[in-house]
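# no sequence on hand, only this structure:
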């Protein structure tokens, strides 16, 4: 097991968002978390990454046998957790190269390290735009940069929050193909998504989040493809 969430409850002020969440990510797997807007998916990602708010009121988040709920975000990152946040949040006043170098860290395991050259091989478009300011990139290029920036931390667990948001289908397809290349290569991925097609194509296992962070369905992509009732009741598709 790579990541374990047990009985997690989170709030923003007095507003409870997640109540008693239980979830696990196994080593080397891609777990996709699906669910309608407002269910608490981004709150969960923020809690794992040590971003405040939200406030963790109860429960435990453990990664590599370390408790995360008392750690600051930089401490979580140093353990080997990389974050691709919703909305990309690249550093607009820095160039592509500067965005990548600013987060570079040595690997925490014996995996092949992510270097500037490897990221440019992975996303050739970033190599072409290496001296451009991030604010001048297209949405797809910014998403590639956000993923590359997270990979430069050499994580063993990658958190991805809505990476398909706002992307044209052709760009999304290119990013999906790249993620398929690294799937299972000494990297676990927790993918939060609204795009059912992307989740089904990448995931080894799928969890659907209902109200207040409750996991209301789990299974394989093939099982979800066949479960019309689950898709209708929990995803509205």
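Arrived safely. Source: prediction; values computed, not measured.
# all helices of the chain, in order?
For the chain, the helices defined by DSSP state H cover 41-49, 73-79, 96-101, 116-122, 124-128, 139-151, 169-182, 196-202, 221-226, 228-230.
# just tell me which of those ends up closest to residue 213.
Among the helices of the chain, helix 41-49 comes nearest to residue 213, with 6.4 Å by C-beta to C-beta. Heads up, the C-betas are built off the backbone N, CA and C, glycines and all.
# which elements pack onto that closest one?
strand 3-12, strand 15-25, strand 55-63, helix 73-79, strand 81-84, strand 157-161, strand 188-192 (3 or more C-beta pairs under 8 Å, 6 or more residues apart in numbering; DSSP states H and E).
# what sits up against that helix?
For helix 41-49, the external contacting residues (C-beta atoms under 8 Å, 6 or more residues apart in numbering) are 3, 5, 8, 10, 12, 17-18, 21, 23, 33, 35, 52-54, 56, 61, 63, 68-69, 73, 76-77, 81, 83, 85-86, 159, 161-162, 190, 192, 209, 213.
# are any of these buried, and which?
3, 5, 8, 10, 17-18, 21, 23, 33, 35, 54, 56, 61, 63, 68-69, 76-77, 81, 83, 85-86, 159, 161-162, 190, 192, 209, 213 (16 or more other C-beta atoms under 10 Å).
# so where's the protein shaky on pLDDT?
Applying pLDDT under 70 to the chain flags residues 109.
# which residue is nearest the centroid of this structure?
residue 160 (1.5 Å; C-alpha atoms, centre = their mean).
# OK, contacts around that residue?
84, 147, 189, 190, 191, 192, 193.
# hmm, residue 83 is touching residue 152, no?
No. The criterion here is C-beta atoms under 8 Å, and residue 83 misses it with residue 152 at 11.9 Å.
# find the nearest non-adjacent residue to residue 49, please.
In space, residue 49 comes closest to residue 83 once its chain neighbours are excluded; the distance is 4.9 Å by C-beta to C-beta, 6 or more residues apart in numbering.
# can you check residue 220 too?
residue 205 is the one closest to residue 220 (C-beta to C-beta, 6+ apart), at 6.2 Å.
# cool, and residue 127?
residue 120 (3.8 Å).
# I'd assumed residue 130 was in contact with the one you found.
Yes. With contact defined as C-beta under 8 Å, residue 120 reaches residue 130; the gap is 7.2 Å.
# the two - which one has more neighbours?
Between residue 120 and residue 130, residue 120 has the larger neighbour count (other C-beta atoms under 10 Å), namely 18 against 14.
# contacts only, for that one.
By C-beta under 8 Å, 6+ apart, the contact set of residue 120 is 126, 127, 130.
# ok, residue 197 next?
Counting by C-beta under 8 Å, 6+ apart, residue 197 touches no other residue.
# distance of it from residue 113?
Residue 197 sits 32 Å away from residue 113, going by C-beta to C-beta, to the nearest Å.
# try residue 58
Using C-beta to C-beta, we find residue 58 at a distance of 37 Å from residue 113.
# so what's residue 6 closest to, chain neighbours aside?
residue 60 is the one closest to residue 6 (C-beta to C-beta, 6+ apart), at 4.6 Å.
# thought the one you found was touching residue 9?
No. Contact between residue 60 and residue 9 fails when scored by C-beta under 8 Å: they sit 10.7 Å apart.
# neighbours of residue 224, just the number please.
The number of residues packed near residue 224 is 24, by other C-beta under 10 Å.
# contacting residues around it?
Going by C-beta under 8 Å, 6+ apart, residue 224 touches 200, 206, 217, 230, 231.
# contact partners for the residue nearest to residue 6?
When contacts are counted by C-beta under 8 Å, 6+ apart, residue 60 touches 4, 5, 6, 7, 8, 67, 69.
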